[in-house]
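J.: Predicted model and sequence below, questions to follow.
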Amino acid sequence: MSKQPRLNTKAKAKPKLKMGTKKEAGAQGVETRTANLTFADNKLAQILFGAHATHLVQIEAELDVSIVARGADLIITGGPGAVDMTERLLIGLYDRLTQGGHVTADEIGAALRILRQPGGKLSDVNVEVHTRRRVISPRSATQAAYLKAIDDCELVFGSGPAGTGKTYLAVAKAVELLVRGDVDRIILSRPAVEAGEQLGFLPGDMQEKVDPYLRPLYDALYDMLPADQVVKRLENGEIEVAPLAFMRGRTLANAFVILDEAQNTTAVQMKMFLTRLGENARMVVTGDLSQVDLPRGIRSGLRDAWDILTDIEGVAFVEFTSADVVRHKIVTRIVNAYAAAEKRRRAGARYEHDDAERD
């Protein structure tokens, strides 16, 4: 049983602070709080704090608190809410270390993102997916819920903007189950739909023609497994990457099946794909309904399935938002800007239609 840190807290309404320091506001009536944390394992505590206390510096900057380290002891001072979150964060990360996990700057950032989101729980910080090349943790509360849904349900739909980890996490879970022996093979599929470009007739054999559409799936695989293993498993059929059209007529048993870019399937294609699910198989369907490349007037199979299968037992739906974007920070801003623009356009759609009729 791991030993948890001891907490000793006390409130300070008006602490005595030096003039000109960041906490000068405390002397002007802003409530601050001080909490003491003592960690039982000094070695783990130093790993938690980071080399030259870099992890503590990161947490100070993110949460606007002051942290003083003395051996395995910490003194945390700041606003009551910030101090409370700092305590929860450090206790969760320490618990992660006692279970053999790792703590890095990226993982601290991910843990903070989770704790700041509505519904984010401390236990979400310690969710991990183990592959041959890396250990992957959720970067948001929604990602944690998504991974749990994949564990609990045979069919999972994940929808949301680019950069939220929908496909990456699904591939990670697939690799984990394959390496562990829980499934015999991984099948990765995408509809071969051009994203606005006219590519014409591509040269090469069938595999060379469809590979450009499936490149993101290959990239995820090479991130999870050593290159030689990816090549070997592709050659022996343990991993299969194929366009959606190749799924017709098959029964996919003892497999982890992923359909990516599902917003570009038609309703007929989606029904065909979903009914391929066989015994001891799991299926994850991912897509972004804001990036449909189908011809105008054709309903997206992802939207159709989302509407029809909502109440079906064994099926889970996870919806990501811009808050779950884990790429560069500017990607979140881009997603939000486009969402706002789309909202404005839809608000004015009736007037545009009326103008067209008058013309």
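T.: Right, received. Where do you want to start? Numbers count the residues shown, from 1 in each chain.
J.: quick one: secondary structure of Glu342?
T.: On the three-state scheme (DSSP: H, G, I helix; E, B strand; the rest coil), Glu342 is labelled helix.
J.: what's the closest residue to it other than its chain neighbours in contact with, if anything?
T.: Leaving out its chain neighbours, the residue that sits closest to Glu342 by CB to CB, 6 or more residues apart in numbering is Ser290, at 7.1 Å. C-beta coordinates here come from the backbone N, C-alpha and C atoms, glycine included. By CB atoms under 8 Å, 6 or more residues apart in numbering, the residues touching Ser290 are 161, 338-339, 342.
J.: Which members of those residues are positioned in strands?
T.: The strands, defined by DSSP state E, take in nothing from the contacts of Ser290.
J.: got a winner among these for most neighbours?
T.: For the contacts of Ser290, neighbours were counted using other CB atoms under 10 Å, and Pro161 has the most, 23 neighbours in all.
J.: Please look at that one and Ala323 and confirm they touch.
T.: No - counting by CB atoms under 8 Å, Pro161 stays clear of Ala323, with 10.0 Å between them.
J.: can you map out the helices along the stretch 201-350 of the chain?
T.: Under the criterion DSSP state H, counting those that start in this stretch, helices of the stretch 201-350 of the chain are mapped to 206-224, 227-236, 267-274, 301-308, 329-347, 349-358.
J.: So which of the ones you listed is nearest Ile114?
T.: Taking CB to CB, helix 329-347 is the member of those nearest to Ile114, at 15.6 Å.
J.: so where is the stretch 201-350 of the chain shaky, pLDDT-wise?
T.: Flagging of the stretch 201-350 of the chain using pLDDT under 70 yields the residue ranges 201-211, 213, 327-329, 331-332, 346-350.
J.: And Val268, how close does it get to Ile330?
T.: Distance of Val268 to Ile330, computed by CB to CB, to the nearest Å: 38 Å.
J.: scratch that, Asp152 is what I was asking about
T.: Taken as CB to CB, the span from Asp152 to Ile330 is 34 Å.
J.: Repeat that for Glu87.
T.: Applying CB to CB, the value for Glu87 to Ile330 is 32 Å.
J.: Any buried residues in stretch 247-266, and which?
T.: Judged by neighbour count (16 or more other CB atoms under 10 Å), stretch 247-266 contains these buried residues: 247, 252, 255-266.
J.: Can you flag which of those residues belong to strands?
T.: 255-259.
J.: all strands for this structure, in order.
T.: Along the chain, counting by DSSP E, strands occupy 6-12, 32-38, 66-70, 73-78, 129-130, 135-136, 155-159, 185-190, 239-243, 255-259, 282-287, 315-319.
J.: who touches the third one?
T.: In other words, strand 66-70. 22-23, 49, 53, 56, 59-60, 74-78, 86.
J.: Generate the ChimeraX command that creates a selection of the buried members of those residues.
T.: Buried subset of the contacts of strand 66-70, written as a ChimeraX selection, criterion 16+ other CB under 10 Å:
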select :23,49,56,59,60,74,76,77,78,86
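J.: Next, format the contacts of strand 66-70 as CSV and append pLDDT and distance to Ala227.
T.: Formatted as CSV, the contacts of strand 66-70 follow (pLDDT from 0 to 100; distance: CB to CB, whole Å):
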residue, pLDDT, distance to Ala227
Lys22, 39, 49
Lys23, 43, 52
Phe49, 93, 36
Ala53, 91, 37
Leu56, 94, 37
Ile59, 93, 36
Glu60, 93, 40
Leu74, 92, 43
Ile75, 92, 48
Ile76, 93, 45
Thr77, 93, 49
Gly78, 92, 47
Thr86, 92, 41
